[in-house]
Every structure is written in structure tokens, then in C-alpha cells.
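Asks: Sequence below, structure please.
(chains A and B, ligands or ions: 1)
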Amino acid sequence: MSIRSKAAIVGIGETPTDRLGSKPGEPRKSSAEYLSWAMHLALADAGLTLKDFNGQGIGVTIPTAYPQPFWPEEVAEILGITPGFLLGGATGGAGSVSLLGGMSAAIASGMIDLALCIGAAAPFAEHHGDGLQPGDMRDFEIPFGTMGPNSKIAMVMRRHMHEYGTTLDHLGKIAVAGRYHASLNPAAYLRKPITIQDYKDSRLVADPVRLLDCVLPANGGKAYILASPERAKKLRKPPVCVKGFGERSNPSYGPRAGSDALVMGIKDAGKVAMEMAEIKHSDINFLQLYDDYIIVVYLQLEDLGFCAKGDLGFFERTDFTFKGQLPIQTGGGMINCGQPSTAGGTLHVLEAVRQLRGEGGDRQVPGAKTGLVSGLGVLPYGKNLGCCAVAVLGTQP
Amino acid sequence: MAEPTLKKPLPVLTSEAKPFWDAAAEQKLVMQRCQDCRAYIWTPRPACFECGSERVEWTQLSGKGQIYSFTVIRQVVGRAASEAFEPDVPYVVAWIDLDEGPRMISNVIGCPVEDVKLGMKVAVVFEQQSPEIWLPKFKPTVS
Ligand SMILES: [Zn+2]
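Replies: The predicted model follows:
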């Protein structure tokens, strides 16, 4: 069943990111403020008003550390909208790309013809306690002194280096390309260009994961608006078509108790999305890949099929900058622009829209017509990431 | 008198997992195994996650395996409870692939952190944390 080009992105809004609240006494903003701000930016971009969304779709990414189980409804109340279809993006960091698929399907069905997808978090400004929820993490990870996602990604990275001979030069190339793009993006947070040597010299956080491997937590809000093709035609910005979508949650490659931790569900999600969009790898002008860690970007390039697993030569010869053969992370990614919890992944959707509209400024990919966006979330007990979503966006249906 | 040390977070004895912790207290490593498709099931759950069968039984494992990957924790981060691990730094958190197939998160102990290698053969040992809880940890086996 295809939802190819049954919906289009018609508006985007992104607040600046900050780390207010990391120092005591600093003025700070709440999640509600970032939400409202992001929404108003998106409404202005699309030329729509709040009232247009009553009876329509609202999708809300659910942050990792918010104790309110009814968060999407509360967000609707914060924004002042009475939606006809309320959807929570509960796939962790993949939430914003998952919502893109879910809301496009709702629009394709004819149930709604407009949807606002939104998320915000203020991890530095709002602290929500330390309580542990039931599950593997509480009972089978933390008692052994695991230190959050860094520990698990460190094990993935070390295994990849062991199996394929991957070096810091291969991985550092991705870090350098991302930062280079951030230096050309006025909205990025970390903008000073880096070298491979800077990457190698950065502090070990969870051996072999270094500081420049890791995403930058931040406060902020992000939103995009979807519309049916008919409705999109009447709005002010050129529509960006949702050409394909695929999702895999709780993937396993091998027995569930002993999966290959170097393969991601993105492998299948990407295949589904590209088949729906009826495109080949060579049709893709840029990739915006979910980037909680550099190794995660690296694995996605393999698992999306741009090269074989362990093909180091591909990483040695490919230019990943906006001028190169395969531009990735053209705005600098979350690693350089900041990650407001699960709302962070929305950044990749927004950057894809900018590129496809030709609004990429100094980092515009020449002639960009088709781009691929991924979202990833959740690090399960013994495997790679647990929620993987891929969308193919394009200027033409 | 020494400062009381921070308490490490302990697993909760859920009904699914209690047989695992009871066996661990007797120095036995057990896991559920599906009596229909023969899959090992880890972590504990009410039914088989490969075929859906509810005919799952606890089975004793060899306790032997090898290191699939690992990280060295040199700094505690994140939640307050993490600070309880401060005195152990540096220590190894590893994915252990057991000879029977399942992968466990645990610690590699009993050797300097510099000596830990991927593929290294290890065997389970149990460390008592509380009257009920003995954590399965892994030590390199002498070859
Ligand atoms: Zn079974």
C-alpha cells in the first residue's frame, strides 16, 4: 500500500536552540514556549492560522523525560487547537519521521487534509527527576553500571572497528563534513570548522566514543505542516512531496536474543521507502541522517545500501559535503545544531525541506530534487537502534 | 568511620525475572527456553518472542561465553544513581555472547581493564549485592 505523494510539507518552523538553564539562576524558557514559538514560525511560513487546524491532525513527539503520559493532548491545549486526529510520536528519536508517515497516511485516507507535527523539549531548563521505569534498563543494564546510550554505542562502534577495520579517519570524515556544513548554517550551534585531527584529539567519553562523536543536547522546538496536494497548491511555499515512507521497529537480524548489533532496521525501512518513492540510490541528491552519534550515521550509509557492509573504500573516496557526490547532514545535523530530546530529529525533516525549496543558502545542494531523511530512536538491551523510520521527499510527485 | 557509600541501583524482582535471580543466588546462570521452537529467551518474559509459545522453561546454561564488545567506563554520567559506581571506575561494561547464543550485558572483572579484548573467552561468576541479588559477572578463563 503506497502513500506516495498523497501529502506534502507546506510549512516549517524551528526555534533557535540554546542551553539556558545549564547554569544556576540563568533565565530559561519552558517546553511550552518553544512549542508555541515553533508553531507560529511554521504557520507564518505556510501562511496558515491556528484556526485552520481545528478538526485537523496534530502530531506530537513524546520527549524521553516527561512524566506526563497524556503529553500530546496537553500540547494541543498549550497551542490552543482542537484536533480531529491526535497522534503521539512515540518512537523516540524517530518520532518526527514516524509522524511524517502516520500523518501522510491520515491525509491520504481523506480523514484530514492538514496536519501540524511538532515537538519541543527543554532538558536544561526543566528537570523531571530521576525515577526508573520498569524494564530491561532498570533490571538488567543499570545494575551493571551502564552509563546511558554512550555505553551501548561505544560497544557498537568498537565491534564495527574490530570486524571491518574501520578507523577514526573513516569516522572522522563524517564529523568534519557535518561541522563544515554547520559553519555555513547561521542557525547551527557549533560553527567552528574542525579537522580529522580535532576529532581524534577530542576527549574519550565512553571508549572508543569521543566527545565529537556525540550529539549535543539542547533546548528548542521544531514543527512542520503537512497538507493534501489540493490544499498545498493554494499555499504560499512550493510543496515538498512525501514520496515514500518506511518504518521498522524492534528489528532483529539473527535470533532475538542475539541479534547482529551492527545492522540497523534502517535497512528495511529504507528499502520500503525507496520502493514506494520508485527511486534508485543514484536519484538521491542528499541525505539527512539521524545523528545521535557519528558511528550511527556511518552504519546508516551502509544499511541504506550506498555501500556494502565494511566497504571502507566508499568512505575514503566519497565527498559528503554539499558540493560532493553524496551530501549528508547539509545543515550540520543534531551533532552541531543541538538535540532537544526526541524533537531533535525533526531538524532533518526541516533541513530537507529547505534544500528542496532551494533555501539552503551557502550550503545549498545544487539542483536538489530528491532527498532522504531518517529518524532513529531507542537503544534496546542487546541490539542496535529499536525504532527506524525513513522518508523520501522530493520537489516533484 | 567511613562515609556510607551510595547504594547501587538493584534490579526489581519482577514475577517474570524472579526465577533468574533465585538461581543466581545459587550460583547458577539460567534462561528461559522455548519448548516448541527451542529459542533461548533473554531477557525474561511470559512467552517466546520468536514463536509466541507459552511453553517456556528455565534452563541452566554453561555460563561460558565470549566478549562481543565492551566499553571502559572512566567517568560516571547522567542520573544521580550513577554516582554509586564512582568507586569502581575504571570498569568494563560488555556485551557477552554466551555459548548458547544469547547476548548479556554485564561486567568483565578479575583482570586489568587494559587486558580486555574482543573475542576473549569468559565464564560467569556471581557477586552478591543484597540478601536476594547476586549479579552475574564474567571473568576471563585461563586458556
Ligand atoms: Zn518459541
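
Asks: in chain B, which spans are strands?
Replies: If DSSP state E is used as the criterion, the strands of chain B fall at B:30-34, B:40-41, B:56-60, B:64-73, B:91-98, B:103-108, B:121-128, B:134-140.

Asks: Out of those strands, which is closest to residue A:211?
Replies: Counting by Cβ to Cβ, residue A:211 lies closest to strand B:64-73 out of the strands of chain B; the figure is 14.8 Å. Heads up, the C-betas are built off the backbone N, CA and C, glycines and all.

Asks: about what we covered before: need the strands of chain B in CSV with mean pLDDT, mean neighbour count and distance to residue A:338, can you?
Replies: Shown next, in CSV, are those (pLDDT from 0 to 100; neighbours: other Cβ atoms under 10 Å in any protein chain shown; distance: least, Cβ to Cβ, whole Å):
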stretch, mean pLDDT, mean neighbour count, distance to residue A:338
strand B:30-34, 97, 22, 41
strand B:40-41, 96, 22, 40
strand B:56-60, 97, 14, 44
strand B:64-73, 97, 23, 25
strand B:91-98, 98, 24, 27
strand B:103-108, 98, 23, 29
strand B:121-128, 98, 17, 40
strand B:134-140, 98, 20, 37
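
Asks: Compare the ones you listed and report which one is nearest to the ion.
Replies: strand B:30-34 (3.0 Å; Cβ to the ion).

Asks: Turn the strands of chain B into CSV, columns for distance to residue A:259.
Replies: Output for the strands of chain B, formatted as CSV (distance: least, Cβ to Cβ, whole Å):
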stretch, distance to residue A:259
strand B:30-34, 16
strand B:40-41, 13
strand B:56-60, 19
strand B:64-73, 11
strand B:91-98, 11
strand B:103-108, 8
strand B:121-128, 20
strand B:134-140, 20
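
Asks: Could you export the ones you listed as TSV, including distance to the ion?
Replies: Below are the strands of chain B laid out as TSV (distance: least, Cβ to the ion, whole Å):
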stretch	distance to the ion
strand B:30-34	3
strand B:40-41	8
strand B:56-60	7
strand B:64-73	22
strand B:91-98	18
strand B:103-108	18
strand B:121-128	24
strand B:134-140	23
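
Asks: my read: residue B:124 touches residue B:30, true?
Replies: No - Residue B:124 is beyond contact range of residue B:30, at 10.8 Å (criterion: Cβ atoms under 8 Å).

Asks: OK, contacts around residue A:395?
Replies: By Cβ atoms under 8 Å, 6 or more residues apart in numbering or on different chains, residue A:395 lies in contact with A:238, A:240-241, A:356, A:368-370.

Asks: Which ones among the residues you listed map onto strands?
Replies: Per DSSP E, strands hold the following members of the contacts of residue A:395: A:240-241, A:370.

Asks: which one of these is nearest residue A:151?
Replies: The closest of these, once distances to residue A:151 are taken by Cβ to Cβ, is residue A:370, at 36.8 Å.

Asks: What sits closest to the closest one if chain neighbours are left out?
Replies: Of all residues not flanking residue A:370 in the chain, residue A:394 sits nearest, at 4.4 Å (Cβ to Cβ, 6 or more residues apart in numbering or on different chains).

Asks: Identify the bridge partners of the one you found.
Replies: residue A:241, residue A:370 (DSSP bridges).

Asks: which residues sit in contact with it?
Replies: Going by Cβ under 8 Å, 6+ apart, residue A:394 touches A:240-241, A:243, A:277, A:356, A:369-371.

Asks: Write a PyMOL command that selects only the buried members of those residues.
Replies: Selection of buried members from those for PyMOL, criterion 16 or more other Cβ atoms under 10 Å in any protein chain shown:
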select buried, chain A and resi 240+241+243+277+356+370+371
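
Asks: pLDDT and distance to the ion added to the contacts of residue A:394, as a markdown table?
Replies: Shown next, in a markdown table, are those (pLDDT from 0 to 100; distance: Cβ to the ion, whole Å):
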| residue | pLDDT | distance to the ion |
| --- | --- | --- |
| A:240 | 98 | 45 |
| A:241 | 98 | 43 |
| A:243 | 98 | 39 |
| A:277 | 98 | 37 |
| A:356 | 98 | 46 |
| A:369 | 98 | 47 |
| A:370 | 98 | 42 |
| A:371 | 98 | 41 |
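
Asks: any idea which helix or strand carries residue A:222?
Replies: Secondary structure assignment for residue A:222, by DSSP states H and E: strand A:220-227.

Asks: I'd like to know which of the contacts of residue A:395 is nearest to chain B.
Replies: For these, the residue nearest chain B by Cβ to the nearest Cβ is residue A:370; the value is 35.9 Å.

Asks: At the contact with chain B, which residues of the stretch 1-150 of chain A appear?
Replies: Residues of the stretch 1-150 of chain A lying close to chain B (Cβ under 8 Å from any Cβ of the partner chain) are A:130, A:132, A:134, A:136, A:138-148, A:150.

Asks: Name the nearest of the residues you listed relative to the ion.
Replies: Among the residues of the stretch 1-150 of chain A next to chain B, and counting by Cβ to the ion, the member closest to the ion is residue A:136, at 19.4 Å.

Asks: Show the contacting residues for the closest residue to that closest one other than its chain neighbours.
Replies: Spatial nearest neighbour of residue A:136, excluding adjacent residues (Cβ to Cβ, 6+ apart): residue A:381 at 4.4 Å. Shown in contact with residue A:381 (Cβ under 8 Å, 6+ apart): A:136-137, A:140-141, B:43, B:105.

Asks: run the last query once more with 7 Å
Replies: Taking Cβ atoms under 7 Å, 6 or more residues apart in numbering or on different chains, we find residue A:381 in contact with A:136, A:140-141, B:43, B:105.

Asks: okay, it: pLDDT?
Replies: You'll see residue A:381 listed with a pLDDT of 92.

Asks: Let me know the secondary structure of it.
Replies: coil (DSSP: H, G, I helix; E, B strand; the rest coil).

Asks: what's the spacing between it and residue B:29?
Replies: For residue A:381, the distance to residue B:29 equals 16 Å [Cβ to Cβ, to the nearest Å].

Asks: quick check: domain ranges of chain B?
Replies: Domain assignment for chain B by automatic domain parsing gives B:15-60, B:62-143.

Asks: Isn't residue B:110 up against residue B:137?
Replies: No - using Cβ atoms under 7 Å, residue B:110 is not in contact with residue B:137, being 8.4 Å away.

Asks: Bridged to residue B:94, which residues?
Replies: residue B:70, residue B:106.

Asks: Tell me the bridge partners for residue A:222.
Replies: Beta bridges link residue A:222 to residue A:14, residue A:119 when assigned by DSSP bridges.
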